[in-house]
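Visitor: Build me a model:
(one chain, ligands or ions: 1)
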Amino acid sequence: MPGKDSRAVGGATGKTSYDAIVFDLDGTLYRGDAAIPGAPEAVTALREFGRCLFLSNNGECTSPTLARRLIKLGFDVRESEVTSSADLVVKRLEAEKPGARVLGLVSAELARTLEAHGFEVADDSRVDFVAVGVDRELTRRRLVLGLEAMLGGAALVATNEDPTYPGEKGIRPAAGAYVGFFRGMGFEPAWRCGKPDVGAVESALRAWGLPRDGRYLFVGDNLHSDITAAERMGAESALVLSGVAREADLEKHAVRPTVVVDDVARLAELLERNGGDVRGGRGRTSAHAKSARGEV
Ligand SMILES: [Mg+2]
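Guide: Numbers count the residues shown, from 1 in each chain. Modelled structure (predicted):
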């Protein structure tokens, strides 16, 4: 539906744009403590084609921490443009029951943030919610409290269900591993506050003042989270090969990005060349992009 939801910006330049370009962080803009080469400049260049926003499945860190990290790595971003799974847990619980008692099997930063937002972070099982994410200090005692809380009727809220993440010293267990303890005991999360959950993405868009049915481009390195989120939202997507996904993974996965590029620098070049539109664009692996749209 060309033209339906695109709009001209930049006056005489006539460039089409997105309501927002929503970037993943890890593996997309940085790896460990280094920016992916060319990424800071690419984000600046991509602002010409839409609001640039940053949505991370990081459930340990909140937006101030992630914004500081991005700025330190050379990205020109504002804190208000960044949202993480940890932030979305706080938003979800605020929507459900402000001031509730919460057992947090989560990072110290998320626990502190919950307290700062008026929640009572408990060390017992008489709670309304069990929040679960990456908890580096998890003990059997805390797990027992979690079980007792669930048996007592608490609702389980997960930062996300990513199985693993690339840590500085190698692949590490992500929130999905911790959710697995609860699933193993027979409990499912009532809410997941990260990609590919549509409710989580909608919550982030709402906080940014954006409509559900806007025109969005999701950019990420993970087929399971970033590209699946885009597909569920009916949005366009760019898979970057600078993180976890490899080209060969496309053969094994049902979800298809709109375009595949080596990295965000290549994405910026593609949009520039293509008048601000990835559709019909020629990324590094255009055959995949074409098949994604059913054209081959
Ligand atoms: Mg990533």
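Visitor: For the ion, what is the nearest residue in the stretch 101-250 of the chain?
Guide: Among the residues of the stretch 101-250 of the chain, Asp221 lies closest to the ion, at 4.5 Å counting by Cβ to the ion. Using the backbone N, CA and C atoms, a C-beta is placed for each residue, glycine as well.
Visitor: pretty sure that residue contacts Leu29?
Guide: No. Contact criterion Cβ atoms under 8 Å: Asp221 and Leu29 do not qualify, at 9.5 Å.
Visitor: The two: who's more crowded?
Guide: Leu29 (29 against 25; other Cβ atoms under 10 Å).
Visitor: List the residues that contact the more buried one.
Guide: 23, 35-36, 39, 43, 54, 70, 73, 75, 264 (Cβ atoms under 8 Å, 6 or more residues apart in numbering).
Visitor: Please check those residues and keep the buried ones.
Guide: 23, 35-36, 39, 43, 54, 70, 73, 75, 264 (16 or more other Cβ atoms under 10 Å).
Visitor: Helices - which of those land there?
Guide: Within the buried ones among the contacts of Leu29, membership in helices is found for 39, 43, 70, 264, as judged by DSSP state H.
Visitor: Tell me which two of the residues you listed sit farthest apart.
Guide: Leu70 and Val264 (12.8 Å; Cβ to Cβ).
Visitor: residue of this structure with the smallest distance to the ion?
Guide: Gly27 (3.7 Å).
Visitor: burial count for the nearest residue to Phe129 once chain neighbours are set aside?
Guide: Distances taken as Cβ to Cβ, 6 or more residues apart in numbering place Val102 nearest to Phe129, at 4.8 Å, with adjacent residues excluded. Residues near Val102, counting by other Cβ under 10 Å, number 25.
Visitor: Also Thr83?
Guide: 25.
Visitor: Domain map for this protein?
Guide: In terms of domains, the chain is parsed into 7-57+196-292, 97-192 (source: automatic domain parsing).
Visitor: deepest of these, which one?
Guide: domain 7-57+196-292 (a mean of 20; mean count of other Cβ atoms under 10 Å).
Visitor: For that domain, give the mean pLDDT please.
Guide: Per-region confidence: domain 7-57+196-292 scores 88 on mean pLDDT.
Visitor: residue ranges with poor pLDDT in the stretch 51-200 of the chain?
Guide: Nowhere does the stretch 51-200 of the chain drop to pLDDT under 70.
Visitor: Which residue ranges of the stretch 151-296 of the chain form strands?
Guide: For the stretch 151-296 of the chain, the strands defined by DSSP state E, counting those that start in this stretch occupy 155-158, 164-167, 170-173, 191-192, 216-220, 236-240, 259-261.
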